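Asker: requesting a structural model of the entry that follows:
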Amino acid sequence: MNTTAIVVRETGGPDVLTPAGIDVPDAPGPGQVIVDVAYAGVNYMDVYGRDGTYPQRLPWVPGAEGSGRVVAVGADVTGVEPGDRVAWEGVPGSYAARLVAPADRLLPVPDALTDARAAALPLQGLTAHYLATDSYAIRPGDTVLVHAGAGGAGLLLTQIAKILGATVLTTVSTPEKAEISRAAGADHVLGYDDFDVRARELTDGRGVHAVYDGVGRATFDRSLDAVRRRGTLVLFGGSSGPVPPVDPMRLSKGGSLFLTRPTLRHFADDRDEYLGRYRDLLAWIAEDRLHLRIHGEYPLAEAARAHRDLGARATVGKLLLRP
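Answerer: Numbering: from 1, shown residues only. Reported below is the predicted structural model:
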C-alpha cells in the first residue's frame with residue numbers, strides 16, 4: 001500500500017524534508033498495528049536526524065511521535081482494536097499518513113483528549129515526567145531552574161515541578177515568552193545573560209537544587225554555576241549544540257555536583273512504567289493542573305517550514321504536522 005510521507009534522502013537543512021510516496025504493508029505482522037496518522041509531533045530529535053547529528057540510514061522518514069486511529073492489528077495483539085484512538089512515542093517514521101507501529105508503544109487516548117492534544121503529549125510529557133520524578137526527583141520545597149521555559153518541554157516541566165511542590169525559575173529569550181512561562185506557573189522568569197547570577201541571588205547565594213537543561217552548549221557551564229552544593233544538573237538536550245567534553249574535577253570544584261544525561265527510553269522501556277507515567281499525565285490534565293500548549297499545526301507537506309520555525313526558536317509550545 002502506498003502512503004504519503006516526508007522523506008530525507010540526504011542530510012542537511014530543512015529543505016531536505018521532501019514529500020513523497022512510500023510503501024507500507026497491507027497487513028500488520030506479529031505484535032504490530034497499522035495506524036492512520038492524525039497528527040505527528042515535531043521534536044528536536046527530528047532535527048538532529050535530519051542534519052546528521054543523529055546518523056540515520058537513508059532514505060529516512062523522520063518523526064517518532066503522533067496520534068491516530070487503528071485500522072488493523074496483528075493476530076497476536078491484545079488490548080487494542082481497529083477503530084481505537086491511540087497516541088505514541090518512539091515509533092520511527094511518524095511523519096506519514098499511515099504507519100506500522102509496535103502495539104506495545106501505543107497509548108490509549110481518552111475521549112476528552114483531542115487528536116491534536118494527544119499527539120502533543122507523549123514525548124515531551126513523558127520526558128518532563130521522568131526528569132522531574134527520577135533524573136532529579138523533586139521534593140516539596142526544592143528550587144529548580146528550567147531552561148527554555150516557554151518551549152514545549154519547558155512548559156510541561158514547569159507545571160509538573162509546581163505540582164510536585166517546587167519553586168521554579170525559568171529562562172526565556174523574549175518578553176512574550178516570559179509572560180507565557182509565568183502563566184505556566186514559573187515563580188521567577190530570567191533572561192539567559194545572567195541566569196546563573198540571578199539564580200544565586202534568588203536562593204540567598206546557595207544555588208538551585210537542580211537545573212533541567214535542554215539547551216546544551218550555550219548554557220551548560222553557567223548551569224553548573226547555578227547549582228548548589230551537591231545539587232544536580234540534568235542535561236537532556238542540546239538545542240544550541242552538543243556540550244564539549246567535561247573534566248570531572250569541574251563537578252568537584254563546583255560543590256560535589258551530580259551530572260546526568262538521561263534519555264526517555266531508559267525510563268519508559270518497561271510497559272508498566274510507560275503506562276504509569278502516561279496515566280499520571282492524564283490525571284493531571286483531567287484535574288486541570290497540567291495544560292498543553294500547541295504553537296501551530298502545519299500540513300505534512302510543510303514539514304520544512306515547521307523545522308525552520310523550531311530552529312529559529314520562534315515557537316512557543318508544541319508543533320504538529322497534519323497529514
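Asker: ok, His295 - contacts?
Answerer: Residues near His295 by Cβ atoms under 8 Å, 6 or more residues apart in numbering: 152, 309, 315-319. In this view, the C-beta of every residue, glycine as well, is placed from N, C-alpha and C.
Asker: rerun at 10 Å
Answerer: The contact partners of His295, taken as Cβ atoms under 10 Å, 6 or more residues apart in numbering, are 42, 120, 150-152, 306, 309-310, 314-320.
Asker: mind giving me the domain split of the chain?
Answerer: According to automatic domain parsing, the chain is divided into the following domains: 2-121+292-322, 124-265.
Asker: columns distance to Trp284 on top of these, output as TSV?
Answerer: Formatted as TSV, the entries for those read as follows, by distance: least, Cβ to Cβ, whole Å:
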stretch	distance to Trp284
domain 2-121+292-322	11
domain 124-265	6
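Asker: list the buried residues in stretch 166-185.
Answerer: Neighbour-count burial for stretch 166-185, counted by 16 or more other Cβ atoms under 10 Å, picks out 166-172, 177-178, 180-182, 184-185.
Asker: typo on my end, stretch 298-305
Answerer: The neighbour-count criterion (16+ other Cβ under 10 Å) identifies 298, 300, 302-304 as the buried residues of stretch 298-305.
Asker: could I get the CA-only coordinates of that stretch as CSV?
Answerer: Extracted C-alpha coordinates of stretch 298-305, given in CSV (Å, rounded to 0.1, in the frame of the first residue of the first chain):
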residue,chain,number,x,y,z
TYR,A,298,1.4,22.5,9.7
PRO,A,299,0.3,20.5,6.7
LEU,A,300,2.6,17.5,6.4
ALA,A,301,4.0,18.8,3.1
GLU,A,302,5.2,21.9,5.0
ALA,A,303,7.4,20.0,7.4
ALA,A,304,10.4,22.1,6.3
ARG,A,305,8.6,25.3,7.5
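Asker: so what touches that stretch?
Answerer: Where contact means Cβ under 10 Å, 6+ apart, the residues beyond stretch 298-305 that reach it are 4-6, 8, 13-19, 37, 39-40, 42, 46, 50, 62-63, 95-97, 296, 306-309, 319-323.
Asker: mind listing what the spatially most central residue of the chain touches?
Answerer: In the chain, the C-alpha nearest the mean C-alpha coordinate belongs to Gln124, at 2.8 Å (Cα atoms, centre = their mean). Gln124 is in contact with 41, 43, 65, 89, 151-157, 214, 264, 292, 317-318, counting by Cβ under 10 Å, 6+ apart.
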